[in-house]
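**Student:** predicted model and sequence follow; I will ask about them next.
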Amino acid sequence: MPEPASSVPPGDDRIERIVAAILDIADRKFTTGLQPSPRRDEIDAIIVGVNTMAMELSQAYATLDQRVAERTAQLEEARDRLQVLAYSDPLTGLANRGALLREIEHSLDEHRRGEPAPLLMLLDLDAFKSINDTYGHAAGDRVLGIVADRLREGVRAGDIIARLGGDEFAVLLPAGCPFPGEVGNRLIELINKEIKIRGVSVSPGASLGMAHATPEHDANRLLVEADTAMYVAKQSNGRKVQEFEDFMLYERQEKTLLLRDLRAALETPQVFPVYQPIVDIESGRWVGVEALARWNHPDRGLVVPDQFLGLAEEARLLPRLTARILDSTLKDLARWRRTGLVGEGFTLHVNVTPAELHMLDFPDIVRAALRRQGLPASCLAIEVTEHNLISGDSLDRYSLLALQRMGVATEIDDFGTGYSSIGYLNRLPVSGVKLDRSLILGIEWDQQQLALLAATLGLVKACQLGCIVEGVETQDQADLLRHLGFSRAQGYFYSRPVPAAELVAALPARTAEGSGPAAPEA
């Protein structure tokens, strides 16, 4: 036991050194330098306690510092990961939209300080949806990764590549480029190279738009202009690289307004069907009608069908439009049959697109529409253009086969426009064809064209398919078709497309037996 210290001997500074050591410990200086005296009294006991405390605190603070350092490193690593996630695309490793906008703004700031003007390119894959639908999302993701690698291969080290979402990519050239067209074409060529998917070669294809910046630009405006140019490139035939011009923005804004009006019009009588009769060539009787959509805009009047149908297809509104036309026209047909205006053999022909055929429930939609009007499936014919049908996939064929089994006729529209072959006619689940008007142009004087038309009829008959000739415009054409053995036709020679009321007024005279050939319209 330490001896009690009744008093501190003169010259003993141990208390002062203990106080100094405690102050050092408070400042995290844990080497006290305190040594017990030979006396081993109560003051020495305090010295031992202070030294022990200093050692334990030193160890505790060392452990704490280590843990703080580890946690700080973890937080910094997490921050870095979040930074990467915030500004990169996880699928391709490219920059994302946020990172691109940041880089565009930085490049624009540099341009305002006198650096070269940046150039922005946007690319959209042409065939990606088809690849995704046919081969699945895993194959689609693989295509996106390959396209990203090809873009890296096609640009300079300082250029920025981004994936904006889906199948849309961007390339920012911060310092511009003296030959942007060449760069754009090189990127398109790289993307167009075939990719093997499950042993099948596919080509993604792409459309590219580009916009040059000025000091007045901001990032969003530059994106809009590049996107507008890309949209024009996508709509053009063959031209896949397009530089932005001011008029394009006006045209796109017009389309945006028209699309807004079309969405609203689909719920109103503004969109309505007209009917073009299908005629028995020998007797002149009307044996059916083709339903065609029309749009009477309240301010613009009748909108050209090619314009609003193309717009509806781009906006994926065609299924809604077709459903509306199908319901409306089947209701008309049911009313005509009930009132005796047409017989049971009178057929309604309705056009559909791949968008409808890709809907697994499309046959069910058709079946339900027929049931609502109490009509048999045999009164309806579904038409699909030759190009869309032959370039389609198994979903298209599934829908057509289901319709056929239901009893609905299925026909190839615009047959003879470049894809026709015996093999396709034998394999496709169709019951008839409609010959494109181009096949009868000039048959009055062109013997070779007439022979080609006759051979086409022989091909169709050999496949045991029905045949309707479109675009008949003259008496001579009608006579030659009858002479060759064609039985059905339609065209302006017989009647233009007319509204339902006008058709109803003409039906009694035109559907009766022995009604005779129709007089040509003025």
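**Tutor:** Noted; the coordinates are in hand.
**Student:** got the contact list for the residue nearest to the spatial centre of the chain?
**Tutor:** Residue closest to the mean C-alpha point of the chain, counted by CA atoms, centre = their mean, is Lys129 at 6.4 Å. Contacts for Lys129 (CB atoms under 8 Å, 6 or more residues apart in numbering) come out as Asp167. In this view, the C-beta of every residue, glycine as well, is placed from N, C-alpha and C.
**Student:** just the CA atoms of stretch 141-161, as PDB, please.
**Tutor:** Output of stretch 141-161 as PDB, limited to C-alpha atoms (Å, rounded to 0.1, in the frame of the first residue of the first chain):
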ATOM      1  CA  ASP A 141     -30.100  -5.300 -74.600                       C
ATOM      2  CA  ARG A 142     -27.300  -7.100 -76.400                       C
ATOM      3  CA  VAL A 143     -27.900  -5.100 -79.500                       C
ATOM      4  CA  LEU A 144     -27.900  -1.800 -77.500                       C
ATOM      5  CA  GLY A 145     -24.500  -2.800 -76.000                       C
ATOM      6  CA  ILE A 146     -23.000  -3.600 -79.400                       C
ATOM      7  CA  VAL A 147     -24.300  -0.300 -80.800                       C
ATOM      8  CA  ALA A 148     -22.700   1.500 -77.800                       C
ATOM      9  CA  ASP A 149     -19.400  -0.200 -78.600                       C
ATOM     10  CA  ARG A 150     -19.600   0.800 -82.300                       C
ATOM     11  CA  LEU A 151     -20.300   4.400 -81.400                       C
ATOM     12  CA  ARG A 152     -17.200   4.400 -79.200                       C
ATOM     13  CA  GLU A 153     -15.300   3.100 -82.100                       C
ATOM     14  CA  GLY A 154     -16.500   5.800 -84.400                       C
ATOM     15  CA  VAL A 155     -15.800   9.000 -82.400                       C
ATOM     16  CA  ARG A 156     -12.700  10.800 -81.000                       C
ATOM     17  CA  ALA A 157     -11.400  10.500 -77.500                       C
ATOM     18  CA  GLY A 158     -12.800  13.800 -76.300                       C
ATOM     19  CA  ASP A 159     -16.300  13.300 -77.700                       C
ATOM     20  CA  ILE A 160     -19.200  12.400 -75.500                       C
ATOM     21  CA  ILE A 161     -21.500   9.400 -76.200                       C
END
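**Student:** going forward, begin numbering at 860 instead of 1
**Tutor:** Right, with 860 as the first residue, what we last looked at is stretch 1000-1020.
**Student:** average pLDDT for that stretch, rounded please.
**Tutor:** Mean per-residue pLDDT for stretch 1000-1020: 92.
**Student:** now swap in stretch 1103-1118 and tell me
**Tutor:** 86.
**Student:** stretch 1318-1329 now?
**Tutor:** So the average pLDDT for stretch 1318-1329 ends up being 92.
**Student:** and for stretch 1257-1266?
**Tutor:** For stretch 1257-1266, the per-residue pLDDT averages 90.
**Student:** how about it, which residues are buried there?
**Tutor:** 1257-1259, 1261-1263 (16 or more other CB atoms under 10 Å).
**Student:** likewise stretch 986-1005?
**Tutor:** Using 16+ other CB under 10 Å as the burial criterion, the residues of stretch 986-1005 that qualify are 987, 989-991, 993-994, 998-999, 1001-1003, 1005.
**Student:** show me what the longest helix seen in the chain is packed against.
**Tutor:** What stands out as the longest helix in the chain, according to DSSP state H, is helix 901-946. If contacts are counted by 3 or more CB pairs under 8 Å, 6 or more residues apart in numbering; DSSP states H and E, helix 901-946 sits against helix 873-885, helix 956-971.
**Student:** the first one to helix 901-946, inter-axis angle?
**Tutor:** So that's helix 873-885. On the basis of axes from the mean of the first three to the mean of the last three CA atoms, to 10 degrees, helix 873-885 is oriented at 10 degrees to helix 901-946.
**Student:** the closest residue to Gly1024 other than its chain neighbours - how many residues pack around it?
**Tutor:** Spatial nearest neighbour of Gly1024, chain neighbours left out: Arg956 (7.0 Å); criterion: CB to CB, 6 or more residues apart in numbering. By other CB atoms under 10 Å, 16 other residues sit near Arg956.
**Student:** same thing with the one 5 residues further on?
**Tutor:** By the measure other CB under 10 Å, the count of residues near Arg961 is 14.
**Student:** which other residues reach stretch 1309-1316?
**Tutor:** Contacts for stretch 1309-1316 (CB under 8 Å, 6+ apart): 1275, 1279, 1294, 1298-1299, 1302, 1326, 1339, 1343-1345.
**Student:** now that stretch, how far from the centre of its chain.
**Tutor:** Here stretch 1309-1316 is found 40 Å from its chain centre; the criterion is CA atoms, centre = their mean, to the nearest Å.
**Student:** again with stretch 1299-1315
**Tutor:** That offset, for stretch 1299-1315, works out to 41 Å (CA atoms, centre = their mean).
**Student:** quote the end-to-end distance of that stretch.
**Tutor:** Terminal residues of stretch 1299-1315 are spaced 11 Å apart (CA to CA, to the nearest Å).
**Student:** from Leu953, how far out is the residue nearest to the centre of the chain?
**Tutor:** Separation of Lys988 from Leu953 (CB to CB, to the nearest Å) stands at 20 Å.
**Student:** sorry, back to before: how about the buried residues of stretch 986-1005 in a markdown table, adding secondary structure and distance to Pro1063?
**Tutor:** Conversion of the buried residues of stretch 986-1005 to a markdown table gives the following (DSSP: H, G, I helix; E, B strand; the rest coil; distance: CB to CB, whole Å):
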| residue | secondary structure | distance to Pro1063 |
| --- | --- | --- |
| Phe987 | helix | 6 |
| Ser989 | helix | 10 |
| Ile990 | helix | 7 |
| Asn991 | helix | 11 |
| Thr993 | helix | 13 |
| Tyr994 | helix | 12 |
| Ala998 | helix | 11 |
| Gly999 | helix | 10 |
| Arg1001 | helix | 11 |
| Val1002 | helix | 6 |
| Leu1003 | helix | 9 |
| Ile1005 | helix | 8 |
